[in-house]
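Q: 3D model of this:
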Amino acid sequence: MPKNPLLRFAATVRLQTFFEPGSVFKAFTLSSILENKTFGLDQTFNCEGGSWSVAGKVLHDAHGYGILTFREVIEKSSNIGTVKGAMRLGAEKLYKTIRDFGFGSKTGIGFPVRLADLSPTLNIGRVVQSSTSPSARGLR
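A: Prediction:
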(Lines give C-alpha, C1' and ligand atoms only; values in the text may rest on other atoms or scores of the structure.)
Protein backbone atom coordinates (compact mmCIF):
# COMPACT_ATOMS: atom_id res chain seq x y z
CA MET A 1 0.00 0.00 0.00
CA PRO A 2 1.41 3.42 -0.93
CA LYS A 3 2.62 5.66 1.95
CA ASN A 4 1.43 8.86 0.27
CA PRO A 5 -2.12 9.57 1.58
CA LEU A 6 -3.41 10.64 -1.83
CA LEU A 7 -2.03 7.51 -3.52
CA ARG A 8 -3.35 5.34 -0.66
CA PHE A 9 -6.81 6.87 -1.14
CA ALA A 10 -6.65 6.26 -4.89
CA ALA A 11 -5.60 2.64 -4.34
CA THR A 12 -8.42 2.12 -1.84
CA VAL A 13 -11.02 3.56 -4.21
CA ARG A 14 -9.66 1.46 -7.09
CA LEU A 15 -9.72 -1.75 -5.06
CA GLN A 16 -13.23 -1.09 -3.82
CA THR A 17 -14.76 0.10 -7.07
CA PHE A 18 -16.81 -2.49 -8.88
CA PHE A 19 -16.21 -2.90 -12.57
CA GLU A 20 -17.49 -5.23 -15.20
CA PRO A 21 -14.53 -7.17 -16.53
CA GLY A 22 -15.79 -7.60 -20.08
CA SER A 23 -13.99 -10.09 -22.28
CA VAL A 24 -11.42 -10.80 -19.59
CA PHE A 25 -13.90 -13.15 -17.91
CA LYS A 26 -14.13 -15.31 -21.01
CA ALA A 27 -10.81 -16.81 -19.96
CA PHE A 28 -12.48 -18.33 -16.89
CA THR A 29 -15.35 -19.74 -18.93
CA LEU A 30 -13.00 -21.18 -21.56
CA SER A 31 -10.78 -22.55 -18.80
CA SER A 32 -13.75 -24.35 -17.28
CA ILE A 33 -14.66 -25.90 -20.63
CA LEU A 34 -11.09 -27.16 -21.06
CA GLU A 35 -10.72 -28.32 -17.45
CA ASN A 36 -13.96 -30.29 -17.62
CA LYS A 37 -13.09 -31.79 -21.03
CA THR A 38 -16.52 -30.76 -22.27
CA PHE A 39 -15.28 -31.24 -25.85
CA GLY A 40 -12.03 -31.09 -27.79
CA LEU A 41 -10.29 -28.17 -29.43
CA ASP A 42 -11.49 -29.35 -32.84
CA GLN A 43 -15.20 -29.23 -31.88
CA THR A 44 -16.95 -26.81 -34.21
CA PHE A 45 -19.44 -24.08 -33.41
CA ASN A 46 -21.67 -22.07 -35.70
CA CYS A 47 -20.98 -18.49 -34.68
CA GLU A 48 -24.03 -17.35 -36.62
CA GLY A 49 -22.28 -14.80 -38.82
CA GLY A 50 -21.54 -12.63 -35.78
CA SER A 51 -25.04 -12.11 -34.37
CA TRP A 52 -27.10 -14.59 -32.34
CA SER A 53 -30.21 -14.24 -30.18
CA VAL A 54 -30.15 -16.23 -26.92
CA ALA A 55 -31.83 -15.82 -23.52
CA GLY A 56 -33.70 -12.77 -24.78
CA LYS A 57 -30.51 -10.94 -25.79
CA VAL A 58 -28.59 -10.59 -29.03
CA LEU A 59 -24.94 -11.56 -28.75
CA HIS A 60 -22.39 -10.15 -31.16
CA ASP A 61 -18.86 -11.03 -32.21
CA ALA A 62 -16.39 -8.41 -33.36
CA HIS A 63 -16.47 -10.02 -36.82
CA GLY A 64 -19.04 -12.06 -38.69
CA TYR A 65 -17.62 -15.49 -37.92
CA GLY A 66 -19.27 -18.58 -39.34
CA ILE A 67 -18.08 -22.06 -38.35
CA LEU A 68 -15.16 -21.96 -35.88
CA THR A 69 -13.36 -24.74 -34.05
CA PHE A 70 -13.14 -24.35 -30.30
CA ARG A 71 -9.46 -23.47 -30.76
CA GLU A 72 -10.54 -20.62 -33.09
CA VAL A 73 -13.23 -19.54 -30.61
CA ILE A 74 -10.40 -19.04 -28.11
CA GLU A 75 -8.04 -17.39 -30.62
CA LYS A 76 -10.66 -14.98 -31.95
CA SER A 77 -12.35 -14.40 -28.57
CA SER A 78 -15.76 -15.23 -30.00
CA ASN A 79 -18.59 -14.24 -27.65
CA ILE A 80 -21.03 -16.51 -29.46
CA GLY A 81 -18.71 -19.51 -29.48
CA THR A 82 -17.93 -18.99 -25.79
CA VAL A 83 -21.61 -18.83 -24.84
CA LYS A 84 -22.42 -21.92 -26.89
CA GLY A 85 -19.54 -23.71 -25.19
CA ALA A 86 -20.72 -22.56 -21.75
CA MET A 87 -24.22 -23.84 -22.47
CA ARG A 88 -22.77 -27.28 -23.26
CA LEU A 89 -20.57 -27.11 -20.17
CA GLY A 90 -23.53 -26.46 -17.88
CA ALA A 91 -24.16 -24.05 -15.05
CA GLU A 92 -22.95 -26.29 -12.22
CA LYS A 93 -19.51 -26.87 -13.71
CA LEU A 94 -19.13 -23.21 -14.64
CA TYR A 95 -20.16 -22.18 -11.12
CA LYS A 96 -17.63 -24.58 -9.59
CA THR A 97 -14.82 -23.18 -11.74
CA ILE A 98 -15.78 -19.59 -10.89
CA ARG A 99 -15.72 -20.46 -7.17
CA ASP A 100 -12.43 -22.39 -7.56
CA PHE A 101 -10.88 -19.21 -8.97
CA GLY A 102 -12.02 -17.41 -5.82
CA PHE A 103 -14.90 -15.32 -7.12
CA GLY A 104 -17.40 -14.61 -4.36
CA SER A 105 -14.81 -15.18 -1.63
CA LYS A 106 -13.49 -12.70 0.88
CA THR A 107 -10.31 -11.07 -0.34
CA GLY A 108 -8.58 -11.02 3.04
CA ILE A 109 -7.02 -7.61 2.31
CA GLY A 110 -8.90 -5.71 4.98
CA PHE A 111 -11.20 -3.58 2.87
CA PRO A 112 -14.84 -3.47 3.89
CA VAL A 113 -16.11 -4.32 0.39
CA ARG A 114 -15.77 -7.75 -1.15
CA LEU A 115 -17.02 -9.53 -4.22
CA ALA A 116 -20.69 -10.33 -4.03
CA ASP A 117 -21.61 -13.90 -3.31
CA LEU A 118 -22.42 -16.00 -6.33
CA SER A 119 -25.51 -18.13 -6.37
CA PRO A 120 -24.91 -21.89 -6.39
CA THR A 121 -27.92 -22.10 -8.69
CA LEU A 122 -26.14 -20.16 -11.41
CA ASN A 123 -28.36 -19.92 -14.44
CA ILE A 124 -26.64 -19.95 -17.84
CA GLY A 125 -29.44 -17.72 -19.16
CA ARG A 126 -28.54 -15.18 -16.47
CA VAL A 127 -24.86 -15.48 -17.33
CA VAL A 128 -25.50 -14.72 -20.99
CA GLN A 129 -27.68 -11.69 -20.38
CA SER A 130 -25.36 -9.30 -22.12
CA SER A 131 -23.60 -9.23 -25.43
CA THR A 132 -20.24 -10.13 -23.97
CA SER A 133 -21.29 -12.87 -21.58
CA PRO A 134 -20.17 -15.19 -20.24
CA SER A 135 -17.68 -12.46 -19.69
CA ALA A 136 -19.33 -11.66 -16.35
CA ARG A 137 -21.07 -8.40 -17.04
CA GLY A 138 -23.10 -7.80 -13.92
CA LEU A 139 -21.03 -10.36 -12.04
CA ARG A 140 -19.33 -8.17 -9.47
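
Q: Three-state assignment for the closest residue to Phe101 other than its chain neighbours, please.
A: Once flanking residues are discounted, Phe101 sits nearest to Phe28: 5.8 Å by C-beta to C-beta, 6 or more residues apart in numbering. In short, each C-beta sits where N, CA and C put it, glycine included. The three-state label for Phe28, taken from DSSP: H, G, I helix; E, B strand; the rest coil, comes out as helix.

Q: read off the pLDDT value for Phe28.
A: On pLDDT, Phe28 comes in at 90.

Q: show the subsequent helix or strand relative to the helix or strand hosting Leu59.
A: Element membership for Leu59, per DSSP states H and E: strand 57-60. Once strand 57-60 ends, the next helix or strand along the chain (criterion: DSSP H and E) is strand 67-69.

Q: do you have the helices of the chain handy? List them.
A: Assigned by DSSP state H, the helices in the chain fall at 5-16, 26-35, 70-76, 79-89, 91-100, 124-127.

Q: which secondary structure elements does the fifth one contact?
A: For helix 91-100, the helices and strands in contact under the criterion 3 or more C-beta pairs under 8 Å, 6 or more residues apart in numbering; DSSP states H and E are helix 26-35, helix 124-127.

Q: a markdown table please, covering these and showing distance to Lys84.
A: Formatted as a markdown table, the helices and strands packed on helix 91-100 follow (distance: least, C-beta to C-beta, whole Å):
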| stretch | distance to Lys84 |
| --- | --- |
| helix 26-35 | 10 |
| helix 124-127 | 11 |
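
Q: point out where this structure drops to low pLDDT.
A: 1-22, 107, 109-140 (pLDDT under 70).

Q: touching, Asp42 and Arg71? I think so.
A: Yes. Contact criterion C-beta atoms under 8 Å: Asp42 and Arg71 qualify, at 7.0 Å.

Q: quick one, phi/psi of Phe103?
A: Main-chain dihedrals, Phe103, degrees, to the nearest 10: phi -70, psi 140.

Q: wait, which of the helices of the chain is closest to Asn46?
A: Nearest of the helices of the chain to Asn46, taken as C-beta to C-beta: helix 79-89 at 7.9 Å.

Q: and the closest one, what does it pack onto?
A: By 3+ C-beta pairs under 8 Å, 6+ apart, helix 79-89 packs against helix 26-35, strand 44-46, strand 51-54, strand 57-60, helix 70-76, helix 124-127.
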